[in-house]
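> missing the sequence, but the structure's below:
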Ligand code: PMT
(Lines give C-alpha, C1' and ligand atoms only; values in the text may rest on other atoms or scores of the structure.)
Protein backbone atom coordinates (compact mmCIF):
# COMPACT_ATOMS: atom_id res chain seq x y z
CA UNK A 1 0.00 0.00 0.00
CA UNK A 2 1.35 3.49 -0.83
CA UNK A 3 2.79 5.46 2.08
CA UNK A 4 0.51 8.29 3.09
CA UNK A 5 -2.69 6.33 2.47
CA UNK A 6 -4.97 7.11 5.40
CA UNK A 7 -7.72 5.06 7.00
CA UNK A 8 -10.24 6.56 9.40
CA UNK A 9 -11.00 4.00 12.11
CA UNK A 10 -14.34 4.60 13.84
CA UNK A 11 -14.60 3.09 17.31
CA UNK A 12 -17.90 2.75 19.15
CA UNK A 13 -18.84 1.42 22.57
CA UNK A 14 -18.88 -2.36 22.43
CA UNK A 15 -17.16 -4.64 24.94
CA UNK A 16 -14.92 -5.65 22.04
CA UNK A 17 -13.61 -2.06 21.80
CA UNK A 18 -10.10 -3.22 22.84
CA UNK A 19 -9.87 -5.26 19.62
CA UNK A 20 -9.90 -1.99 17.67
CA UNK A 21 -6.24 -1.61 18.74
CA UNK A 22 -5.39 -4.76 16.77
CA UNK A 23 -7.31 -3.49 13.76
CA UNK A 24 -5.36 -0.23 13.97
CA UNK A 25 -2.02 -2.08 14.19
CA UNK A 26 -3.02 -4.36 11.30
CA UNK A 27 -3.60 -1.36 9.02
CA UNK A 28 -0.34 0.22 10.14
CA UNK A 29 1.62 -2.99 9.43
CA UNK A 30 0.37 -2.72 5.86
CA UNK A 31 1.72 0.80 5.48
CA UNK A 32 -1.48 2.74 6.18
CA UNK A 33 -1.79 5.82 8.38
CA UNK A 34 -4.69 5.54 10.83
CA UNK A 35 -6.79 8.34 12.32
CA UNK A 36 -9.09 7.24 15.15
CA UNK A 37 -12.57 8.66 15.70
CA UNK A 38 -14.30 7.60 18.90
CA UNK A 39 -17.82 8.00 20.17
CA UNK A 40 -18.14 9.60 23.59
CA UNK A 41 -19.30 6.27 25.06
CA UNK A 42 -16.32 4.43 23.56
CA UNK A 43 -14.01 6.98 25.20
CA UNK A 44 -15.59 6.09 28.54
CA UNK A 45 -14.71 2.42 28.05
CA UNK A 46 -11.15 2.89 26.85
CA UNK A 47 -8.88 5.94 27.08
CA UNK A 48 -8.48 7.88 23.80
CA UNK A 49 -4.85 8.34 24.85
CA UNK A 50 -4.21 4.67 24.03
CA UNK A 51 -5.45 5.17 20.46
CA UNK A 52 -3.62 8.50 20.14
CA UNK A 53 -0.36 6.80 21.18
CA UNK A 54 -0.83 3.85 18.82
CA UNK A 55 -1.91 6.03 15.89
CA UNK A 56 0.67 8.74 16.64
CA UNK A 57 -2.08 11.32 16.10
CA UNK A 58 -4.76 12.61 18.44
CA UNK A 59 -7.88 10.43 18.56
CA UNK A 60 -10.95 12.56 17.80
CA UNK A 61 -13.71 12.26 20.39
CA UNK A 62 -17.06 13.96 20.64
CA UNK A 63 -18.23 16.68 21.05
CA UNK A 64 -17.61 17.89 17.51
CA UNK A 65 -14.32 19.72 17.46
CA UNK A 66 -13.26 22.35 15.00
CA UNK A 67 -9.66 22.44 13.88
CA UNK A 68 -7.88 25.77 14.01
CA UNK A 69 -7.99 27.99 10.94
CA UNK A 70 -11.75 27.69 10.58
CA UNK A 71 -11.71 24.41 8.63
CA UNK A 72 -14.24 21.80 9.60
CA UNK A 73 -12.51 18.70 10.94
CA UNK A 74 -14.93 16.11 9.60
CA UNK A 75 -14.88 17.51 6.05
CA UNK A 76 -11.08 17.88 5.98
CA UNK A 77 -10.42 14.34 7.15
CA UNK A 78 -13.23 12.86 5.05
CA UNK A 79 -11.47 14.18 1.93
CA UNK A 80 -8.11 12.68 2.85
CA UNK A 81 -8.99 9.07 3.58
CA UNK A 82 -9.04 5.97 1.36
CA UNK A 83 -11.26 3.97 3.74
CA UNK A 84 -13.64 4.58 6.62
CA UNK A 85 -13.71 1.45 8.77
CA UNK A 86 -15.93 1.23 11.83
CA UNK A 87 -14.85 -1.56 14.17
CA UNK A 88 -16.56 -2.28 16.44
CA UNK A 89 -19.89 -0.81 15.27
CA UNK A 90 -22.82 -0.89 17.69
CA UNK A 91 -26.49 -1.28 16.70
CA UNK A 92 -26.89 2.43 17.48
CA UNK A 93 -24.12 3.54 15.11
CA UNK A 94 -25.49 1.30 12.35
CA UNK A 95 -28.99 2.73 12.88
CA UNK A 96 -27.73 6.32 12.76
CA UNK A 97 -25.75 5.72 9.56
CA UNK A 98 -28.76 4.01 7.95
CA UNK A 99 -31.08 6.92 8.77
CA UNK A 100 -28.59 9.72 8.09
CA UNK A 101 -28.70 10.98 11.68
CA UNK A 102 -25.70 13.24 12.25
CA UNK A 103 -25.64 14.05 15.97
CA UNK A 104 -22.04 13.27 16.83
CA UNK A 105 -18.65 13.27 15.14
CA UNK A 106 -18.79 9.67 13.88
CA UNK A 107 -22.24 9.89 12.32
CA UNK A 108 -21.54 13.34 10.84
CA UNK A 109 -18.30 12.02 9.40
CA UNK A 110 -20.13 9.13 7.71
CA UNK A 111 -22.25 11.59 5.71
CA UNK A 112 -19.19 13.54 4.58
CA UNK A 113 -17.17 10.53 3.45
CA UNK A 114 -16.65 9.76 -0.22
CA UNK A 115 -14.37 6.74 0.28
CA UNK A 116 -15.42 3.09 0.72
CA UNK A 117 -17.05 2.37 4.08
CA UNK A 118 -16.52 -0.91 5.95
CA UNK A 119 -18.51 -1.80 9.05
CA UNK A 120 -17.72 -4.58 11.52
CA UNK A 121 -20.74 -4.95 13.83
CA UNK A 122 -20.43 -6.19 17.40
CA UNK A 123 -23.41 -6.66 19.70
CA UNK A 124 -25.60 -9.12 21.51
CA UNK A 125 -27.24 -11.77 19.28
CA UNK A 126 -30.81 -10.57 19.87
CA UNK A 127 -29.79 -7.04 18.86
CA UNK A 128 -27.93 -8.23 15.77
CA UNK A 129 -30.79 -10.45 14.58
CA UNK A 130 -33.45 -7.84 15.40
CA UNK A 131 -35.43 -7.04 12.23
CA UNK A 132 -34.68 -3.30 12.67
CA UNK A 133 -30.92 -3.89 12.82
CA UNK A 134 -31.10 -6.23 9.83
CA UNK A 135 -33.18 -3.68 7.88
CA UNK A 136 -30.59 -1.00 8.69
CA UNK A 137 -27.78 -3.28 7.48
CA UNK A 138 -29.68 -3.97 4.24
CA UNK A 139 -30.23 -0.22 3.70
CA UNK A 140 -26.53 0.49 4.17
CA UNK A 141 -25.54 -2.34 1.81
CA UNK A 142 -27.88 -0.85 -0.80
CA UNK A 143 -26.05 2.46 -0.33
CA UNK A 144 -22.70 0.78 -1.06
CA UNK A 145 -21.48 0.15 2.49
CA UNK A 146 -19.71 -3.18 3.05
CA UNK A 147 -19.79 -5.36 6.13
CA UNK A 148 -17.52 -7.84 7.84
CA UNK A 149 -20.15 -10.13 9.28
CA UNK A 150 -19.81 -10.83 13.01
CA UNK A 151 -18.96 -14.33 14.19
CA UNK A 152 -20.82 -16.83 16.31
CA UNK A 153 -19.22 -17.42 19.69
CA UNK A 154 -19.17 -16.63 23.38
CA UNK A 155 -20.45 -13.07 23.92
CA UNK A 156 -19.87 -10.58 26.72
CA UNK A 157 -23.47 -11.11 27.84
CA UNK A 158 -22.37 -14.68 28.74
CA UNK A 159 -24.38 -16.23 25.97
CA UNK A 160 -23.33 -18.14 22.85
CA UNK A 161 -24.54 -16.55 19.63
CA UNK A 162 -24.04 -14.32 16.61
CA UNK A 163 -22.71 -10.86 17.21
CA UNK A 164 -19.06 -11.29 18.19
CA UNK A 165 -16.77 -8.85 16.38
CA UNK A 166 -15.04 -10.52 13.43
CA UNK A 167 -11.36 -11.33 13.92
CA UNK A 168 -9.21 -8.19 13.50
CA UNK A 169 -7.18 -9.91 10.73
CA UNK A 170 -10.39 -10.45 8.72
CA UNK A 171 -11.38 -6.79 9.16
CA UNK A 172 -7.92 -5.61 8.08
CA UNK A 173 -7.86 -7.98 5.08
CA UNK A 174 -11.28 -6.75 3.92
CA UNK A 175 -10.26 -3.12 4.51
CA UNK A 176 -7.12 -3.52 2.40
CA UNK A 177 -9.20 -5.08 -0.39
CA UNK A 178 -11.51 -2.05 -0.38
CA UNK A 179 -8.59 0.40 -0.39
CA UNK A 180 -7.15 -1.37 -3.45
CA UNK A 181 -10.55 -1.43 -5.13
CA UNK A 182 -11.07 2.29 -4.49
CA UNK A 183 -8.43 2.88 -7.19
CA UNK A 184 -9.04 -0.07 -9.46
CA UNK A 185 -10.59 2.16 -12.14
CA UNK A 186 -8.51 5.27 -11.44
CA UNK A 187 -7.79 7.20 -14.63
CA UNK A 188 -10.46 5.27 -16.56
CA UNK A 189 -13.43 6.91 -18.25
CA UNK A 190 -16.69 5.07 -17.69
CA UNK A 191 -19.79 5.99 -19.69
CA UNK A 192 -23.11 4.73 -18.28
CA UNK A 193 -26.59 5.18 -19.69
CA UNK A 194 -29.64 4.95 -17.45
CA UNK A 195 -33.37 5.40 -17.29
CA UNK A 196 -36.06 5.44 -19.94
CA UNK A 197 -36.31 7.50 -23.10
CA UNK A 198 -39.40 9.43 -24.17
CA UNK A 199 -40.61 9.56 -27.76
CA UNK A 200 -43.09 12.39 -28.19
CA UNK A 201 -46.30 12.22 -30.20
CA UNK A 202 -47.03 15.85 -29.40
CA UNK A 203 -45.86 18.25 -26.67
CA UNK A 204 -47.74 16.36 -23.91
CA UNK A 205 -47.95 12.70 -24.98
CA UNK A 206 -45.04 10.30 -25.20
CA UNK A 207 -44.07 6.64 -25.54
CA UNK A 208 -41.84 5.42 -22.70
CA UNK A 209 -41.29 2.51 -20.30
CA UNK A 210 -41.04 1.64 -16.59
CA UNK A 211 -37.28 2.17 -16.17
CA UNK A 212 -36.53 4.18 -13.01
CA UNK A 213 -32.81 4.60 -13.72
CA UNK A 214 -31.85 2.87 -10.45
CA UNK A 215 -29.70 0.19 -12.10
CA UNK A 216 -27.70 2.67 -14.20
CA UNK A 217 -27.26 5.12 -11.30
CA UNK A 218 -26.05 2.27 -9.06
CA UNK A 219 -23.50 1.30 -11.72
CA UNK A 220 -22.32 4.89 -11.95
CA UNK A 221 -21.96 5.10 -8.14
CA UNK A 222 -19.99 1.86 -8.05
CA UNK A 223 -17.65 3.00 -10.85
CA UNK A 224 -17.07 6.28 -8.98
CA UNK A 225 -16.20 4.39 -5.81
CA UNK A 226 -13.46 2.63 -7.82
CA UNK A 227 -11.90 5.92 -8.83
CA UNK A 228 -13.30 6.17 -12.38
CA UNK A 229 -14.29 9.39 -14.12
CA UNK A 230 -17.97 8.74 -14.73
CA UNK A 231 -20.37 10.26 -17.26
CA UNK A 232 -24.00 9.35 -16.76
CA UNK A 233 -26.22 9.89 -19.80
CA UNK A 234 -29.67 9.66 -18.31
CA UNK A 235 -33.24 9.72 -19.48
CA UNK A 236 -35.82 11.38 -17.17
CA UNK A 237 -35.73 9.90 -13.64
CA UNK A 238 -36.60 11.00 -10.12
CA UNK A 239 -33.07 10.23 -8.88
CA UNK A 240 -30.24 12.46 -7.71
CA UNK A 241 -27.02 11.78 -9.60
CA UNK A 242 -24.23 10.16 -7.56
CA UNK A 243 -21.72 12.60 -6.06
CA UNK A 244 -19.00 13.47 -8.63
CA UNK A 245 -20.79 11.90 -11.64
CA UNK A 246 -21.01 14.09 -14.74
CA UNK A 247 -24.72 14.01 -15.53
CA UNK A 248 -25.90 14.47 -19.13
CA UNK A 249 -29.70 14.64 -19.10
CA UNK A 250 -31.55 13.57 -22.26
CA UNK A 251 -35.12 12.76 -23.19
CA UNK A 252 -35.38 10.99 -26.53
CA UNK A 253 -33.48 8.02 -27.91
CA UNK A 254 -32.09 10.34 -30.60
CA UNK A 255 -30.63 12.66 -27.94
CA UNK A 256 -29.22 9.72 -25.99
CA UNK A 257 -27.66 8.28 -29.15
CA UNK A 258 -26.00 11.62 -30.00
CA UNK A 259 -24.60 12.17 -26.48
CA UNK A 260 -23.28 8.61 -26.28
CA UNK A 261 -21.72 8.76 -29.76
CA UNK A 262 -19.93 12.03 -28.88
CA UNK A 263 -18.35 10.47 -25.76
CA UNK A 264 -17.81 6.85 -26.81
CA UNK A 265 -14.44 7.35 -28.55
CA UNK A 266 -12.91 8.54 -25.24
CA UNK A 267 -14.52 5.91 -23.00
CA UNK A 268 -12.67 2.91 -21.58
CA UNK A 269 -15.90 1.26 -20.48
CA UNK A 270 -19.42 1.78 -21.85
CA UNK A 271 -22.42 0.31 -20.04
CA UNK A 272 -25.85 0.64 -21.68
CA UNK A 273 -28.28 0.13 -18.80
CA UNK A 274 -30.86 2.52 -20.27
CA UNK A 275 -34.16 1.21 -21.56
CA UNK A 276 -34.15 2.94 -24.94
CA UNK A 277 -37.47 2.92 -26.72
CA UNK A 278 -37.36 0.62 -29.78
CA UNK A 279 -40.01 2.74 -31.54
CA UNK A 280 -40.95 6.36 -32.05
CA UNK A 281 -43.71 8.23 -33.83
CA UNK A 282 -42.97 9.13 -37.46
CA UNK A 283 -43.39 12.80 -36.47
CA UNK A 284 -43.89 14.89 -33.38
CA UNK A 285 -46.72 17.38 -33.69
CA UNK A 286 -45.88 20.95 -32.70
CA UNK A 287 -49.19 21.36 -30.86
CA UNK A 288 -51.39 19.19 -28.64
CA UNK A 289 -53.44 16.94 -30.93
CA UNK A 290 -57.20 16.94 -30.47
CA UNK A 291 -59.03 13.76 -29.45
CA UNK A 292 -60.99 13.68 -32.71
CA UNK A 293 -57.76 13.70 -34.74
CA UNK A 294 -57.11 10.02 -33.80
CA UNK A 295 -58.71 7.20 -35.76
CA UNK A 296 -57.72 4.52 -33.21
CA UNK A 297 -54.42 3.71 -34.88
CA UNK A 298 -51.00 5.27 -34.31
CA UNK A 299 -48.09 4.49 -36.61
CA UNK A 300 -44.64 3.74 -35.13
CA UNK A 301 -41.21 3.56 -36.75
CA UNK A 302 -38.12 1.81 -35.31
CA UNK A 303 -35.43 3.89 -33.56
CA UNK A 304 -31.73 3.31 -34.26
CA UNK A 305 -30.14 0.78 -31.89
CA UNK A 306 -27.46 2.79 -30.04
CA UNK A 307 -25.70 -0.27 -28.67
CA UNK A 308 -25.55 -1.99 -32.04
CA UNK A 309 -23.94 1.16 -33.47
CA UNK A 310 -21.36 1.15 -30.65
CA UNK A 311 -20.63 -2.53 -31.32
CA UNK A 312 -19.81 -1.73 -34.98
CA UNK A 313 -17.57 1.27 -34.33
CA UNK A 314 -15.97 0.17 -31.05
CA UNK A 315 -12.34 0.42 -29.97
CA UNK A 316 -10.89 -3.04 -29.32
CA UNK A 317 -9.38 -2.15 -25.96
CA UNK A 318 -12.59 -0.62 -24.53
CA UNK A 319 -15.15 -2.79 -22.74
CA UNK A 320 -18.69 -2.68 -24.12
CA UNK A 321 -21.51 -3.89 -21.86
CA UNK A 322 -25.17 -4.23 -22.83
CA UNK A 323 -28.21 -5.33 -20.89
CA UNK A 324 -30.85 -7.71 -22.17
CA UNK A 325 -34.28 -7.20 -20.63
CA UNK A 326 -36.10 -10.49 -21.19
CA UNK A 327 -39.35 -12.10 -20.17
CA UNK A 328 -38.47 -15.56 -21.52
CA UNK A 329 -35.42 -17.67 -22.52
CA UNK A 330 -33.29 -15.28 -20.51
CA UNK A 331 -29.77 -16.55 -21.13
CA UNK A 332 -30.36 -17.73 -24.70
CA UNK A 333 -31.79 -14.36 -25.79
CA UNK A 334 -29.09 -12.44 -23.91
CA UNK A 335 -26.30 -14.42 -25.55
CA UNK A 336 -27.83 -13.75 -28.94
CA UNK A 337 -27.77 -9.99 -28.17
CA UNK A 338 -24.13 -10.25 -27.07
CA UNK A 339 -23.18 -11.81 -30.44
CA UNK A 340 -25.41 -9.62 -32.64
CA UNK A 341 -24.29 -6.38 -30.98
CA UNK A 342 -20.60 -7.40 -30.65
CA UNK A 343 -20.50 -6.91 -26.87
CA UNK A 344 -17.89 -7.99 -24.32
CA UNK A 345 -20.46 -8.58 -21.61
CA UNK A 346 -24.23 -8.89 -21.59
CA UNK A 347 -26.26 -8.60 -18.41
CA UNK A 348 -29.33 -10.80 -18.72
CA UNK A 349 -32.14 -9.21 -16.75
CA UNK A 350 -35.35 -11.09 -16.02
CA UNK A 351 -38.02 -8.39 -16.21
CA UNK A 352 -41.00 -10.65 -15.52
CA UNK A 353 -40.37 -11.59 -11.89
CA UNK A 354 -41.92 -9.30 -9.28
CA UNK A 355 -39.48 -7.23 -7.18
CA UNK A 356 -36.54 -7.19 -9.62
CA UNK A 357 -35.78 -5.48 -12.93
CA UNK A 358 -37.79 -2.40 -13.87
CA UNK A 359 -38.49 0.13 -11.12
CA UNK A 360 -37.33 -2.16 -8.28
CA UNK A 361 -34.69 -1.62 -5.61
CA UNK A 362 -33.30 -5.10 -6.13
CA UNK A 363 -32.18 -7.09 -9.11
CA UNK A 364 -31.06 -10.58 -10.04
CA UNK A 365 -29.06 -11.05 -13.23
CA UNK A 366 -26.80 -13.34 -15.21
CA UNK A 367 -23.55 -11.69 -16.32
CA UNK A 368 -22.29 -13.41 -19.46
CA UNK A 369 -19.01 -12.76 -21.28
CA UNK A 370 -17.94 -13.52 -24.87
CA UNK A 371 -16.67 -16.97 -23.90
CA UNK A 372 -20.09 -17.86 -22.54
CA UNK A 373 -18.85 -17.70 -18.93
CA UNK A 374 -21.88 -16.88 -16.80
CA UNK A 375 -22.10 -15.39 -13.29
CA UNK A 376 -25.58 -16.00 -11.88
CA UNK A 377 -26.22 -13.58 -9.03
CA UNK A 378 -28.53 -13.87 -6.07
CA UNK A 379 -31.26 -11.31 -5.58
CA UNK A 380 -29.39 -8.27 -4.25
CA UNK A 381 -29.63 -4.50 -4.07
CA UNK A 382 -28.86 -2.82 -7.40
CA UNK A 383 -25.66 -1.40 -5.90
CA UNK A 384 -24.44 -4.91 -5.06
CA UNK A 385 -25.41 -6.10 -8.56
CA UNK A 386 -23.45 -3.13 -9.95
CA UNK A 387 -20.44 -4.27 -7.92
CA UNK A 388 -20.58 -7.77 -9.43
CA UNK A 389 -20.94 -6.34 -12.94
CA UNK A 390 -17.93 -4.05 -12.45
CA UNK A 391 -15.86 -6.93 -11.08
CA UNK A 392 -16.49 -8.70 -14.41
CA UNK A 393 -15.81 -5.52 -16.38
CA UNK A 394 -12.46 -5.11 -14.63
CA UNK A 395 -11.59 -8.75 -15.40
CA UNK A 396 -12.29 -8.25 -19.12
CA UNK A 397 -10.51 -4.88 -19.18
CA UNK A 398 -7.46 -6.42 -17.54
CA UNK A 399 -7.31 -9.30 -20.06
CA UNK A 400 -7.67 -6.93 -23.04
CA UNK A 401 -5.08 -4.44 -21.85
CA UNK A 402 -2.45 -6.77 -20.39
O1 LIG B 1 -33.96 1.55 -14.58
P2 LIG B 1 -34.39 0.47 -13.61
O3 LIG B 1 -35.80 0.68 -13.11
O4 LIG B 1 -33.39 0.31 -12.50
O5 LIG B 1 -34.45 -0.91 -14.40
C6 LIG B 1 -33.27 -1.50 -14.88
C7 LIG B 1 -33.47 -2.07 -16.27
C8 LIG B 1 -34.40 -3.26 -16.20
C9 LIG B 1 -34.02 -1.02 -17.24
C10 LIG B 1 -32.03 -2.50 -16.74
O11 LIG B 1 -31.50 -3.42 -15.84
C12 LIG B 1 -32.07 -3.11 -18.13
O13 LIG B 1 -32.32 -4.29 -18.34
N14 LIG B 1 -31.78 -2.25 -19.18
C15 LIG B 1 -31.90 -2.57 -20.59
C16 LIG B 1 -33.32 -2.42 -21.03
C17 LIG B 1 -33.50 -2.71 -22.51
O18 LIG B 1 -33.82 -1.82 -23.23
O19 LIG B 1 -33.19 -3.96 -22.88
P20 LIG B 1 -33.30 -4.50 -24.39
O21 LIG B 1 -33.11 -5.97 -24.25
O22 LIG B 1 -34.53 -4.00 -25.05
O23 LIG B 1 -32.06 -3.85 -25.12
C24 LIG B 1 -30.79 -4.50 -25.20
C25 LIG B 1 -29.68 -3.48 -25.11
O26 LIG B 1 -29.71 -2.60 -26.23
C27 LIG B 1 -29.74 -2.59 -23.88
O28 LIG B 1 -28.41 -2.43 -23.37
C29 LIG B 1 -30.28 -1.26 -24.39
O30 LIG B 1 -29.75 -0.17 -23.64
C31 LIG B 1 -29.75 -1.25 -25.83
N32 LIG B 1 -30.63 -0.53 -26.79
C33 LIG B 1 -31.91 -0.92 -27.00
C34 LIG B 1 -32.68 -0.26 -27.94
C35 LIG B 1 -32.13 0.82 -28.65
N36 LIG B 1 -32.83 1.51 -29.55
N37 LIG B 1 -30.86 1.18 -28.43
C38 LIG B 1 -30.10 0.54 -27.50
O39 LIG B 1 -28.93 0.89 -27.30
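Received it, and whenever you're ready, just let me know what you need. Keep in mind that this is a model prediction, so the values were computed, not measured.
> Assess the claim that residue 247 and residue 230 are in contact.
No. With contact defined as C-beta atoms under 8 Å, residue 247 does not reach residue 230; the gap is 9.5 Å. C-beta here means a position set from N, CA and C on the backbone, and glycine is covered the same way.
> which residues touch residue 100?
Contact partners of residue 100, counting by C-beta atoms under 8 Å, 6 or more residues apart in numbering, are residue 111.
> Residue 247 and residue 230: which has the busier surroundings?
Taking other C-beta atoms under 10 Å, residue 247 and residue 230 do not tie; residue 230 has more neighbours (26 against 16).
> For whatever helix or strand that one lives in, enumerate the helices and strands it packs against.
Element membership of residue 230 [criterion: DSSP states H and E] is strand 229-234. Where contact means 3 or more C-beta pairs under 8 Å, 6 or more residues apart in numbering; DSSP states H and E, strand 229-234 is packed against strand 189-194, helix 214-225, strand 246-249, helix 253-263.
> quick check, residue 107 in a helix?
Yes. Assigned with DSSP: H, G, I helix; E, B strand; the rest coil, residue 107 falls within a helix.
> element containing the closest residue to it other than its chain neighbours?
Nearest residue to residue 107, sequence neighbours excluded (C-beta to C-beta, 6 or more residues apart in numbering): residue 96, at 4.3 Å. Per DSSP H and E, residue 96 falls inside helix 91-99.
> if we can go back for a sec, wait, which of the helices and strands packed on strand 229-234 is closest to residue 60?
helix 214-225 (24.1 Å; C-beta to C-beta).
> where in the chain is pLDDT low?
Counting by pLDDT under 70, the ranges of the chain that qualify are 1-4, 62-73.
> got the residues of it near the ligand?
Residues of the chain lying close to the ligand by C-beta under 6 Å from any ligand atom are 195, 211-215, 253, 272-276, 278, 303, 305-307, 322-325, 337, 349, 351, 357-359.
> Got a PyMOL select line for the buried ones in those residues?
Only the buried entries of the residues of the chain next to the ligand go into this PyMOL selection, using 16 or more other C-beta atoms under 10 Å:
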select buried, resi 195+211+212+213+214+215+253+272+273+274+275+276+303+305+306+307+322+323+324+325+337+349+351+357+358
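> Cross the residues of the chain next to the ligand against strands and list the overlap.
Secondary structure defined by DSSP state E assigns 272, 322-325, 349 of the residues of the chain next to the ligand to strands.
> re earlier: gap between the residue nearest to residue 107 and residue 249?
Plainly put, residue 96 is 33 Å away from residue 249 if you go by C-beta to C-beta, to the nearest Å.
> which one of the two has more residues nearby?
Ranked by neighbour count (other C-beta under 10 Å), residue 96 and residue 249 place residue 96 first, with 22 against 14.
> what about the more buried one, distance to the ligand?
28 Å (C-beta to the nearest ligand atom, to the nearest Å).
> and this structure, what are its domains?
6-181, 189-400 (automatic domain parsing).
> mind pulling up the phi and psi values for residue 371?
Dihedral angles of residue 371 (phi, psi; degrees, to the nearest 10) stand at phi -90, psi 0.
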